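Visitor: What would the 3D arrangement of this be:
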Amino acid sequence: MSSDHARSRTDRYTAPSIALHWMMLLVIAAVYACIELREMYPKGSDPREALKTWHFMLGLSVFVLAWVRLAVHLYGPVPAIMPEPSRWMKLSGQLMHAALYGLMIGLPIAGWLMLSASGKPVPFFGLQLPALVGENKALAEVFKEIHETSATVGYFLIGLHAAAALFHHYIVRDNTLRRMLPFSGR
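Guide: All right, here's what the predicted structure looks like:
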């Protein structure tokens, strides 16, 4: 049995893959919610600072979970899409997944670099993570711009990913979405 065949012998992803996918959605939504909701509170207020801290910690959680998810994906079975999609659909799906992994890994690193260059602590659930770079306000601004621009791009990537899943389900009528549903979804 070839490794490709062994990786595609099921019609759904494994329970760990499915759980990680939906958990990542929840954590990423919480990351975005924390940073957006902080605007409701005055600068320096306790709720605003708490939301920023949660944004940092959850963002770094995305970074950790992305690596776990990538490992599970690389070594777990990948169910075939039925009926088989066209070449351009396969390629666009691969590019979208690469962009999403780039976002889940790169965005937290940019945030960590931004905090480091700002001379601010990098909290992670009771731990203080080390600075990745020395304090440098100009560099902090560069990382801030990269982080914020990437986060904005993230909104579009996530929306496009969801729209593509719905397109596959309701228009193309293949099993793309059903492969990742936490229930059979027949």
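
Visitor: helices and strands around the helix or strand that Met104 is a member of, which ones?
Guide: Applying DSSP states H and E as the criterion places Met104 in helix 87-118. Judged by 3 or more C-beta pairs under 8 Å, 6 or more residues apart in numbering; DSSP states H and E, the packing partners of helix 87-118 are helix 46-75, strand 122-124, helix 137-167. Where C-beta positions appear, they are placed from N, C-alpha and C, glycine not excepted.

Visitor: at 6 Å what do you get?
Guide: helix 46-75, helix 137-167 (3 or more C-beta pairs under 6 Å, 6 or more residues apart in numbering; DSSP states H and E).

Visitor: Let's have those helices in CSV, adding distance to Trp22, mean pLDDT and mean neighbour count.
Guide: Output for those, formatted as CSV (distance: least, C-beta to C-beta, whole Å; pLDDT from 0 to 100; neighbours: other C-beta atoms under 10 Å):
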stretch, distance to Trp22, mean pLDDT, mean neighbour count
helix 46-75, 11, 96, 16
helix 137-167, 12, 98, 14
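
Visitor: which residues touch the nearest residue to Ala110 once chain neighbours are set aside?
Guide: Distances taken as C-beta to C-beta, 6 or more residues apart in numbering put His147 closest to Ala110, at 4.1 Å, once the chain neighbours are dropped. Contact analysis of His147 by C-beta atoms under 6 Å, 6 or more residues apart in numbering lists Ala110, Gly111, Met114.

Visitor: how much space is there between the residue most central in space within the chain and Leu132?
Guide: In the chain, the centroid-proximal residue (C-alpha atoms, centre = their mean) is Met104; its distance is 3.8 Å. Separation of Met104 from Leu132 (C-beta to C-beta, to the nearest Å): 18 Å.
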